[in-house]
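> Got a predicted model here, sequence first, then my questions.
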Amino acid sequence: MRTRLLIPGWGGSGPDHWQTRWERELRGARKIELPGWFEPAPAPWIEAIDRAVVRASATSGQPPIVIAHSLGCVAVAAWAARHRRPIAAAMLVAPCDCEDPRASAALRGFAPMPRARLPFPTRVVASDDDPYITVAAVTALAAAWGAELTVVAGAGHLNAASGHGAWPEGQALLRAHLAAAAA
């Protein structure tokens, strides 16, 4: 079974976050630990992602599926710009805009935003009222990454605080993305 790597954003994913729930519910799902949850730095996060991808590939014998949230999305794109390891597919949910002057210093440390085309099938899922990125910014980012984009109306930051605990709609989007990537 192909590993599903869950990559949280700034502060991690709490017990009610969909990533934590998916880790319990989806076969082969594993949430990775990133150093400095509240004081993140790009290099340690990128290297932690790389170690997790290598380990997942070695364990299952197949490239993993990456499912990231918020700052984790930005870290995945930065990882892909530095490493050329195979990924089966990625779903990047609610990426944050690290270049926004209103972003916290912790997020701005990941600027400039990586904009290189991602070398694996990618779907970006975002909300039209996410407080951490505008629709225009996420549309441009998805285009730069060569990703399909799904914009969900009125979904906030697509986390537990915005009412997306189990988030079955997200699992449906993931299944559809994986089916399209396999075709």
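The structure has been received and is ready for your questions.
> what's the model's confidence in the helix or strand harbouring Ala75, averaged?
In this assignment (DSSP states H and E), Ala75 forms part of helix 71-82. When pLDDT is averaged along helix 71-82, the result is 98.
> packing partners for that helix?
Contact analysis of helix 71-82 by 3 or more CB pairs under 8 Å, 6 or more residues apart in numbering; DSSP states H and E lists strand 4-7, helix 42-60, strand 65-69, strand 89-93 as its packing neighbours. No exception for glycine: its C-beta is placed from N, CA and C like everyone else's.
> ok, and for stretch 63-76, which residues are buried?
In terms of neighbour count (16 or more other CB atoms under 10 Å), stretch 63-76 has its buried residues at 63-76.
> Now do the end-to-end distance for that stretch.
Taking CA to CA, to the nearest Å, stretch 63-76 runs 15 Å from one end to the other.
> Show the contacting residues for Arg4.
By CB atoms under 8 Å, 6 or more residues apart in numbering, the residues touching Arg4 are Trp22, Leu26, Gly28, Ala29, Arg30, Pro64, Ile65, Val66, Ile67.
> residues in contact with the lowest-mean-pLDDT helix or strand in the chain?
When each helix and strand of the chain is scored by mean pLDDT, DSSP states H and E, helix 105-108 comes last, with a mean of 92. With CB under 8 Å, 6+ apart as the test, helix 105-108 has contacts from Trp10, Phe38, Glu39, Pro40, Leu71, Cys96, Asp97, Cys98, Glu99, Tyr132.
> swap the cut-off to 10 Å and go again
9-11, 36-41, 70-71, 74, 96-102, 132 (CB atoms under 10 Å, 6 or more residues apart in numbering).
> and if you look at stretch 173-183?
Contacts to stretch 173-183, defined as CB under 10 Å, 6+ apart, come from residues 2, 4, 22, 26, 65, 67, 88-91, 93, 120-123, 125, 147-148, 150, 152, 167.
> any idea of the mean pLDDT for stretch 18-38?
What stretch 18-38 shows for mean pLDDT is 95.
> Tell me the buried residues in it?
Trp18, Gln19, Thr20, Arg21, Trp22, Glu23, Ala29, Lys31, Ile32, Leu34, Trp37.
> again, but for stretch 129-136
So stretch 129-136, judged by 16+ other CB under 10 Å, has buried residues Asp130, Tyr132, Ile133.
> now the spatially most central residue of the chain: how far from Ala78?
Among the residues of the chain, the one closest to the centroid is Ala68, at 1.9 Å (CA atoms, centre = their mean). Ala68 sits 11 Å away from Ala78, going by CB to CB, to the nearest Å.
> same check, this time on Gly11
Gly11 is 18 Å from Ala78, by CB to CB.
> Neighbour count for those two, which is higher?
When Gly11 and Ala78 are compared for neighbours, Ala78 comes out ahead with 21 against 14, by other CB atoms under 10 Å.
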